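K.L.:
Sequence and predicted structure, then a few things I'm wondering about:
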Amino acid sequence: MTQITVQLGKHSYPILVQPGSLELAADYLEKFTRNRRFFVLTDENAGSHFLPKLHQAFAGSGIKVIEKILPAGEASKSWGQVESVTDWLLSQGIERSDILVALGGGVIGDLTGFAAAIVKRGLGFVQIPTSLLAQVDSSVGGKTAINSSVGKNLIGSFHQPLFVLIDPLVLNSLPDRELRAGYAEVIKYGLINDAEFFAWCEANGNKILNRDPEALSEAIIHSVQAKAQIVAEDEKELSGRRALLNLGHTFGHALEAETGFSNKLVHGEAVAAGMALAFKYSVRRGHCDTSDAQRVVAHLKAVNLPYDLATASVQASGQRLVDHMMHDKKMSGGTLPFLLANGIGQTFVANDVELDDVAAFLDESS
């Protein structure tokens, strides 16, 4: 068992990483409820696997579990589903002292957190992430959001959870593609500021994807510790430190937008391709050696993740992809900051990137 605390003053919260902890959920969550009930949001996939286990965990506890099952997939991060969820919560007579539980991947975590932020001006919520991507990234840090027709995650808030319960064993039921997509976010922590961890990923990536328990747990714990430290230093992305977590996301969100936020390209796959593009663009600008970009691409190839436009199934022009980037929530004063790198483990924020040059680079990369 490993416990990590996100240090945010009065908003601090623990993250527990323990194999088999889902079966002990009642023991860990009971202290958070005053009304002896939890409102659980999940989707069809996670619900079929984990709701029975959650009900079994609470059997005999005297705590009532009230669930709502949503359609699986990115399309659930919408105004329509927010309306459905908030109306349901209010019709159930939810009170500000009640707790929401997000049981699922990143989509459920985002939607639950956003609903918790806006219903009755704020409810407490708990994350039980069931995908690797959610366990190492989206369940930690309090970013909650839904998508707009204009772009990804443009409507949301910062709303920290009360507790994050991570059970690596739930990943045994995760499809291989989703595990790989989550692994892209693991790689990211090495590329940001930890070259030694990236080298560890190169040596252990296939073990992780083969669900080796020790390698998987180590990857989760290291990633959560890395994110917790960055979030504690810059909770709301005001100092620029937390922006480092967006490595690969500016390119990646444009790729997701071009593919309609669909299963044609899931989020982690887009981030993988986005990170490779960020390193290649850093080479173009003279920031890092070609060998660094080649290492990134080689590792993504080795674990069967996208590493360019073609492998991300995107055929759009550079200008079209840049047009998608113009809706990025990080736009400020007409300038879009890019996460680039001086080398592996040496990511930085560049505020002087010309979008015409990005478009030309993307055309050359297609």
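P.N.:
Structure received.
K.L.:
Give me the most central residue, this structure.
P.N.:
By C-alpha atoms, centre = their mean, the chain has its centre lying nearest to residue 138, at 3.1 Å.
K.L.:
Name the nearest residue to that residue, sequence neighbours excluded.
P.N.:
residue 106 (4.0 Å; C-beta to C-beta, 6 or more residues apart in numbering). C-beta: built from backbone N, CA, C; applies to glycine.
K.L.:
Could you give the number of residues near the one you found?
P.N.:
25 (other C-beta atoms under 10 Å).
K.L.:
And for residue 353?
P.N.:
Residue 353 has 17 neighbours, counted by other C-beta under 10 Å.
K.L.:
List the backbone torsions phi and psi for the closest residue in space to it that isn't next to it in sequence.
P.N.:
Closest residue in space to residue 353, ignoring its immediate chain neighbours: residue 338 at 4.6 Å, by C-beta to C-beta, 6+ apart. Dihedral angles phi and psi of residue 338 (degrees, to the nearest 10) take the values phi -120, psi 140.
K.L.:
Begin at 19, not 1, for the rest of this chat.
P.N.:
Sure, I'll start counting at 19 from here, so that last one is residue 356.
K.L.:
I figured residue 103 was touching residue 129, is that so?
P.N.:
Yes: in this structure residue 103 lies within contact range of residue 129 using C-beta atoms under 8 Å: 6.7 Å.
K.L.:
shared neighbours of the two, which are they?
P.N.:
Both residue 103 and residue 129 are in contact with 59, 88, where contact means C-beta atoms under 8 Å, 6 or more residues apart in numbering.
K.L.:
more crowded one of the two?
P.N.:
residue 129 (25 against 22).
K.L.:
Need phi/psi at the more buried one.
P.N.:
Main-chain torsions, residue 129, degrees, to the nearest 10: phi -70, psi -40.
K.L.:
now the helices for the stretch 69-218 of the chain?
P.N.:
97-109, 124-136, 150-151, 194-211, 213-227 (DSSP state H, counting those that start in this stretch).
K.L.:
again, but for the stretch 269-384 of the chain
P.N.:
Per DSSP H, counting those that start in this stretch, the stretch 269-384 of the chain carries helices over the ranges 285-302, 308-320, 336-343, 373-383.
K.L.:
which one of those is the most hemmed in?
P.N.:
helix 285-302 (a mean of 26; mean count of other C-beta atoms under 10 Å).
K.L.:
Surely residue 55 and residue 81 touch.
P.N.:
Yes: using C-beta under 8 Å, residue 55 is in contact with residue 81, at 6.4 Å.
K.L.:
Any chance of the helices of the stretch 269-384 of the chain in TSV with mean pLDDT as columns?
P.N.:
TSV is the format used below for those (pLDDT from 0 to 100):
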stretch	mean pLDDT
helix 285-302	98
helix 308-320	98
helix 336-343	96
helix 373-383	95
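K.L.:
Indicate which one of the ones you listed is closest to residue 170.
P.N.:
helix 285-302 (8.4 Å; C-beta to C-beta).
K.L.:
Now do that closest one: which elements does it pack against?
P.N.:
Contacts defined by 3 or more C-beta pairs under 8 Å, 6 or more residues apart in numbering; DSSP states H and E place helix 285-302 against helix 194-211, helix 267-276, helix 308-320, strand 356-359, helix 373-383.
K.L.:
who wins for proximity to residue 327 among the ones you listed?
P.N.:
Proximity to residue 327, assessed across the helices and strands packed on helix 285-302 by C-beta to C-beta, is greatest for helix 373-383 (5.8 Å).
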